[in-house]
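1. sequence first, predicted coordinates after that:
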Amino acid sequence: MFNILQYPFIQNALLAGSCVAVVAAIVGYFMVVRGLTFAGHALPNIGFAGAAGAVLLGIDPVIGLFAFTIGAAIGIGILGKRLNERDTAIGIIMTFTLGLGILFLSLYAGYAERVYSILFGQIVGISPVDVQITAVSSLLTFILVLILFRPLLFSSFDPEVAEARGVPVRPLTIIFLVMIAITVSLAVQVVGALLVFTLLIGPAATAIRVARSPLWAIVIAISLGVCYTCLGIFLAANNGVWPVSFFIASISFGVYLPVRFLSPLWRGRQERTSDPAINRGRSAWGADSDTASQEGDQEQRNTFEVMEHMQGSPKARGEV
Amino acid sequence: MIEFIDYWLGLFQHEVVQNAFLAGTMVAIITAIMGYFVVLRAQAFAGEALADIGFAGATGAAVLGVSSLIGMFFLTVLAALGMGTLGERIRGRDVEIGMVLSFALGLGVLFLTIYSQFGSNATEGVGVLFGSILSVTRSDVLITLVCGVAILILLALVFRPLLFASIDPEVAETRGVPVRFLSILFLVLLGITTAETVLVVGVLLVLALLIAPAASAVQLSHRPLTSILLSVTLGLLITWGGLILAFVGTWGHFPVSFYISAASALCYFISVGVNRLRSPRRYRDIPPSCSTCSSPYATPIPSRLLSTREPANMVD
């Protein structure tokens, strides 16, 4: 059963997959915190269109991949200022580039094998050179995150306060989107457009439910990501027929579900016993965990929100 | 000119063309109306996720040998119920949708692999991804029509509470609107809508029809009914335009999905541009209506409040 680990292509797949999983977990953590899940789904698809365009032009698909994802990331950053608008902007940009991708594919006479492999992933066809490239660029992205760590974290959790304290929130958002784009372009070549999303969201979503501090969440997300990837590749290699993406997606979902349903139990108790004031502030996060005991609070909060809404929040007035 | 009309009449005698136009028209109307609520509720991601889940459903149905429409209906409705019960607030909901989506994508890839193992190649699955309006059959058209009419009737029944709950869920809840139930019902309707839309434009482009007409309409008008009418008009124009361009093939035989997505994006960007150009005047109109309603409990909520643009953001 463990014999397959001797094959060099499995080793390559494990190495490249782990590198990608580490970076994806870190970037994914910030993505989940910032509510950018949709961008994580859209950018791989956009990259697919870019790759199709590059194949049509006869250049390396990787160039098309990077060009389209980075361009789209900047576009999303500029177009969508508010959460509501951003989702729409992401959707429109994604469908437009996908439409282009379909056009490119239909113009391209041959069967674009390479393009489909970008869609579904080709994790077992990775050369040692690919592993080196992936490792180096993952390391670079990792260092970039380390440099930007504090301001990024601050602006992710509380953009208003961060802006008031002089953190350049909007440039940071665009830089972060470009960072997602680079990560996605790296990962797409290894694991495929459909799987990137799983690696970005799965470990981070589970880790946030478990961990109590950002640093712990990131550490847990990284280890979960690497475990999922290695286990998934191993199972797929043993099975021989079923795709890696299916295994990784099911493992990730299988771990997330129990955590999702059980975490309110222990987190809810901890929070209720610790500090009611903090608890109230956090309610937007663990919305489902503490409804029963706080019906009264909920009502009061609603009243405040209603009043605030009626009088127009300061932000809305500022715009006026 | 007469040649042109003859050509068109001739074209419409083909059953393929009739089916495409019938299904396309129905889908354009439903997506435009549902899309208006999707944009208001900021649920674009849910729409996209349901479409991709439809991909898993269609490939799964292909493996089992049943109609892909049935597979899509089954999985999207199931996923819509799951997403509706799992996630409540915008932030949490995004992650829940993402997790369900990634699992569904994994399943879809698995089904596609199994299906292509059976000797046939992956064209069926790829057709689902990119849309194959030319392979729509009469029975598909019938199902689309029946479901479409059912969705329209249901929407008409819950129109007012749904609009209220979409624009301001907190206030709606305090006034006794069953917000939670409405949101689950809406997701289920959205699931059925996306399953139908997949037939026309394919999984990857459902979002174009769902969002672009509605988002453009919301940019251009703040009145709900005007927006919906505008959205339907734009949706029909985009769909018919795409179909006609693809059938006539003046500029080469490009796929319908490309024309539709390009037209949608163009439509959205133009309306954003128009909106930016005239926005200063509109903002000047708002302040008096906001400052006069400082005692919300004595009076019913003024309808003009409901028609201002994206008031849900003020609560955030």
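-> Looks like it came in fine.
2. nearest spatial neighbour of the closest residue to chain B within the stretch 51-200 of chain A, skipping sequence neighbours?
-> Proximity of the stretch 51-200 of chain A to chain B (C-beta to the nearest C-beta) peaks at residue A:99, 2.7 Å away. For the C-beta atoms, the positions are set from N, CA and C on the backbone; glycine is no exception. Spatially, and ignoring its direct neighbours in sequence, residue A:99 is nearest to residue B:261 (2.7 Å; C-beta to C-beta, 6 or more residues apart in numbering or on different chains).
3. which stretches in the stretch 201-320 of chain A count as helices?
-> Assigned helices in the stretch 201-320 of chain A, in chain order: A:214-239, A:244-274, A:276-282, A:295-311, A:314-319 (criterion: DSSP state H, counting those that start in this stretch).
4. from the chain's centre, how far out does the strand or helix carrying residue B:61 sit?
-> In the assignment (DSSP states H and E), residue B:61 maps to helix B:44-64. The chain centroid and the centroid of helix B:44-64 are separated by 14 Å, computed with C-alpha atoms, centre = their mean, to the nearest Å.
5. which residue is the nearest non-sequential neighbour of the closest residue to chain B within the stretch 101-250 of chain A?
-> Taking C-beta to the nearest C-beta, chain B has its nearest neighbour within the stretch 101-250 of chain A at residue A:249, 2.6 Å off. Leaving aside its chain neighbours, residue A:249 sits nearest to residue B:106 (2.6 Å; criterion: C-beta to C-beta, 6+ apart).
6. that neighbour is in what secondary structure piece?
-> Per DSSP H and E: helix B:90-117 holds residue B:106.
7. residue B:242 touches residue B:259, doesn't it?
-> Yes: counting by C-beta atoms under 8 Å, residue B:259 is a contact partner of residue B:242 at 3.7 Å.
8. any idea how far residue B:5 is from the residue nearest to residue A:249?
-> Going from residue B:106 to residue B:5 by C-beta to C-beta, to the nearest Å gives 51 Å.
9. picking up where we left off before, quick check, pLDDT for the residue of the stretch 101-250 of chain A closest to chain B.
-> At residue A:249, the pLDDT value in this model is 89.
10. ok, the one 10 residues further on next?
-> What the model reports as pLDDT for residue A:259 is 86.
11. any regions of the chain where pLDDT drops low?
-> No chain was given, so I picked chain A. Low-confidence segments of chain A (pLDDT under 70): A:1-2, A:80-84, A:109-115, A:121-124, A:267-320.
12. wait, chain B
-> Looking at chain B by pLDDT under 70, you get B:1, B:4, B:8, B:11, B:87-93, B:118-131, B:249-253, B:279-316.
13. can you tell me which residue is nearest the centre of it?
-> residue B:210 (2.6 Å; C-alpha atoms, centre = their mean).
14. any idea which helix or strand carries residue B:180?
-> Remark: residue B:180 resides in helix B:179-201, with elements defined by DSSP H and E.
15. got the angle between that helix and helix B:90-117?
-> 40 degrees (axes from the mean of the first three to the mean of the last three C-alpha atoms, to 10 degrees).
16. what helices and strands are in contact with helix B:179-201?
-> Helix B:179-201 sits against helix B:15-40, helix B:44-64, helix B:68-86, helix B:138-157, helix B:159-167, helix B:169-174, helix B:206-220, helix B:256-285, with contacts defined as 3 or more C-beta pairs under 8 Å, 6 or more residues apart in numbering or on different chains; DSSP states H and E.
17. surely the residue nearest to the centre of chain B touches residue B:37?
-> No: Residue B:210 lies out of contact with residue B:37 (C-beta under 8 Å); the separation is 10.2 Å.
18. give me every residue that touches the residue nearest to the centre of chain B.
-> A:91, B:31, B:34, B:35, B:38, B:44, B:47, B:193, B:194, B:197 (C-beta atoms under 8 Å, 6 or more residues apart in numbering or on different chains).
19. quick one on the thing from earlier: tell me which residues touch the residue of the stretch 51-200 of chain A closest to chain B, please.
-> Counted by C-beta under 8 Å, 6+ apart, residue A:99 has contacts B:205, B:208, B:257, B:258, B:259, B:260, B:261, B:262, B:265.
20. which ones are touching the residue of the stretch 101-250 of chain B found nearest chain A?
-> Chain A sits closest to residue B:106 of the stretch 101-250 of chain B, with a gap of 2.6 Å, by C-beta to the nearest C-beta. Neighbour list for residue B:106: A:194, A:195, A:198, A:245, A:246, A:247, A:248, A:249, A:250, A:253 [criterion: C-beta under 8 Å, 6+ apart].
21. give me the nearest residue to the second one, chain neighbours excluded.
-> In space, not counting the residues next to it along the chain, residue A:195 is nearest to residue A:245; the distance is 4.0 Å by C-beta to C-beta, 6+ apart.
22. any buried residues in the one helix or strand residue A:104 maps to, and which?
-> Assignment of secondary structure by DSSP H and E places residue A:104 within helix A:83-107. By neighbour count on 16 or more other C-beta atoms under 10 Å in any protein chain shown, the buried set for helix A:83-107 is A:83-106.
23. please apply the same query to stretch A:235-245.
-> Neighbour-count burial for stretch A:235-245 flags A:235, A:236, A:237, A:242, A:243, A:244, A:245 (criterion: 16+ other C-beta under 10 Å).
24. next: stretch A:226-234.
-> A:226, A:227, A:228, A:229, A:230, A:232, A:233, A:234.
25. ok, now which ones touch the closest residue to residue B:238 other than its chain neighbours?
-> Spatial nearest neighbour of residue B:238, chain neighbours left out: residue B:263 (4.5 Å); criterion: C-beta to C-beta, 6+ apart. Neighbour list for residue B:263: B:237, B:238, B:241, B:242 [criterion: C-beta under 8 Å, 6+ apart].
26. please identify the most buried of the helices and strands packed on helix B:179-201.
-> Highest mean neighbour count of the helices and strands packed on helix B:179-201: helix B:206-220, a mean of 29 (counted as mean count of other C-beta atoms under 10 Å in any protein chain shown).
27. now that one and helix B:256-285, what's the angle there?
-> Going by the same axes, to 10 degrees, helix B:206-220 makes 20 degrees with helix B:256-285.
28. what about residue B:229, neighbour count?
-> The number of residues packed near residue B:229 is 16, by other C-beta atoms under 10 Å in any protein chain shown.
29. so it is in which element?
-> helix B:224-248.
30. now that helix, how far from the chain's geometric center?
-> Taking the mean of its C-alpha atoms, helix B:224-248 sits 13 Å from the chain's own mean (C-alpha atoms, centre = their mean).
31. thanks again, I'm all set now.
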